[in-house]
Each structure stands twice: as C-alpha cells, then as structure tokens.
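A.B. asks: Predicted model follows, preceded by the sequence.
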Amino acid sequence: MDEQPPPFFKRGPAPLALLSFYVALALALLVVDARFQTLEVLRQALSMFTHPVQSLAHLPAQFLDNARSYFASAARLQTESAELQRGRLEHAAMLQRSQHVEAENERLRKLLGVKERQQVSGQVARILYSARDPYARRVIVDKGQQDRVIAGQPVVDDIGIVGQVTRVFPFVAEVTLITDKEQAVPVQVVRTGMRSVVFGLGNGELELRFMPLNADIRSGDVLVTSGLDGIFPAGFPVAKVVHIASDTTYTFAQIRCAPVAGVEHFSEVMILDPRPPVALPEELAEEVAGKNAATSPKGTRAKKKRPKKD
C-alpha cells in the first residue's frame, strides 16, 4: 500500500516565489493600465457596485452634518428673528414718540399763534393730571406762583376756551374746566350777536341758559366769549349748539352745547395774562375816587402836619 503524507504536510510554492509573482503581476497591470487604459472598463464596472456601498457608509456622517447644520441654522434664525423683533419694537416706539412729539409741536405752534390772532399774551402750561374729585372737571397744570400765575386767569388752547385758574400753589395750579358745574362763561352768538351765559353740566357738555323760547338760536351756532365779565377776552370760541328743546312748560329754552376746545383731550394749554382794568373817563374816575375816600375810615382823619425844619 502506497503511503502519502497528509494534506496538512503538503507543501506548495515557496512564499517568496508567490510574493515575487504577485508583485510582478501588479507592476505589469499598472504599466499596461497606465499605457493602454485596459482596466478602465473594469474600474467603472466595479464602481457601479461599490458606489451604493460608499453612499450607505456615508449616511451616518451626512446625517450628523445635516442635523448640526439644521440646529445651527435654527438657532441663528431665532437669534435674527429676536433681533429683528427687538429692532421693530424700538423703531415702533421711536416712531410713536416722533409722531407724538410732532403732534405736540404742532399744537404748541398753534398755541403760540393764538397770541398773534387774538392779540393776547400768556404762557404755555402742561396738564399734569386730573383733580381727585370725580364729580368735578378740574385739572392740574405745571405752572404756579413761581411763574406768576394768579387765580382767575383764563386758560385756552389753540381752538378756544378751556377753563379758568381757580387755585394756585407754589409750583402748580388748578384749572376748572368750562364743563364743570360751578363754571359759567358769558357768551355771545356769532350769527345774531345775542348775549347770554353758558354753564357747565359736569358731564362734558354745556347749557345755554336764560334764553327765551322764541330766541333766534339754531343748531350749529357758534358761541364766543362776550368779554363782559372782565376775565375772558372777547371773541374766543367757547361752544357750539348741538340740541335745542323748546317746551312751553318752561320759561326758557333748553339748549345743550358742546365745547369747541379740546377740554378733555390735549395736554398743552395757554394761561392768558390777566386783563388790564378798564380805564374810566376822568370825570367818572374822580367821582368814584371821591366816593371811596368819603366812605373810607382813613378819609375822615386829618392829615398830620410835618414839623418844619428850622
């Protein structure tokens, strides 16, 4: 029986020979491919099979990159949105302030124009707040005794009469609006020249009282100050007639009016200087002075003679 060695002990070509063979084969393939491009078709065929595998291998890294870019973009967009929102609010506030300042400047120009139109003098004041009494129509302005404000001075805006100074403090003053129940203004109807007195009702309206039922008064008539009280200069708009009720059961007509000026709207007013006293004729002035001297206790006393100097 012929004995053969087990397969495990079979010996093939030497390792060095195999290495030399494969190195020579690789060099030959490199030279042939570089010179004749013979393996290009094989390379493209292999790439068709390896490309999906490469794409699948790059998916996790690509997913992480996309997720990182997404969150970075979202954070950047949120930051930009917050900045834009903040900028929009700032610009909106600036725009509102500029509009308010522009409107305030326009009202101040109109108030200053009152001096030229009506030939009066005064000083501009700002309304600080309303009086604490809920049943009164009074406001507090930022002018007081230090600004030489006295009780009784009329207060106007760029349209007409607003009220009258009733109380004065060192730094502020109280102005009673013409819509207050305790306020009355002598007026004159522009259309007919009829004179009367308008009273406040305390609810933002006025009432023209003591007008007969057959008085020539129409809705829309404008009432101006008559100047007979010696406080309000003549010719300032006061109110406009809005409703007339003629009831025969009453002696006088019930006439409701709306103030022309921004009585409860604007924040800037003008306090007019007090009206100068009316100059009387010389004869009448001497007669009044004589009566005052006669009735005065000091007028009955004899004047002491000063001793003459030697």
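C.D. replies: Cool, the structure landed.

A.B. asks: just checking, what packs against the helix or strand hosting Leu18?
C.D. replies: Leu18 belongs to helix 15-36 when assigned by DSSP states H and E. The contact analysis (3 or more Cβ pairs under 8 Å, 6 or more residues apart in numbering; DSSP states H and E) places helix 15-36 against no helix or strand. C-betas here are computed from N, CA, C, even on glycine.

A.B. asks: tell me how far that helix is from the chain's mean position?
C.D. replies: The chain centre lies 90 Å from the centre of helix 15-36; the measure is Cα atoms, centre = their mean, to the nearest Å.

A.B. asks: Next: stretch 177-197.
C.D. replies: Mean C-alpha position of stretch 177-197 versus that of the full chain (Cα atoms, centre = their mean) differs by 33 Å.

A.B. asks: got the end-to-end distance for that stretch?
C.D. replies: 15 Å (Cα to Cα, to the nearest Å).

A.B. asks: In that stretch, which residues are buried?
C.D. replies: Neighbour-count burial for stretch 177-197 flags 177-180, 183-189, 194, 196-197 (criterion: 16 or more other Cβ atoms under 10 Å).

A.B. asks: can you list those residues in TSV and add pLDDT, distance to Asp133 and secondary structure?
C.D. replies: What follows is the buried residues of stretch 177-197, written out as TSV (pLDDT from 0 to 100; distance: Cβ to Cβ, whole Å; DSSP: H, G, I helix; E, B strand; the rest coil):
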residue	pLDDT	distance to Asp133	secondary structure
Leu177	93	12	strand
Ile178	93	16	coil
Thr179	92	14	coil
Asp180	92	10	coil
Gln183	91	14	coil
Ala184	92	18	strand
Val185	92	20	strand
Pro186	92	25	strand
Val187	93	26	strand
Gln188	90	31	strand
Val189	91	32	strand
Met194	89	34	coil
Ser196	91	28	strand
Val197	92	24	strand
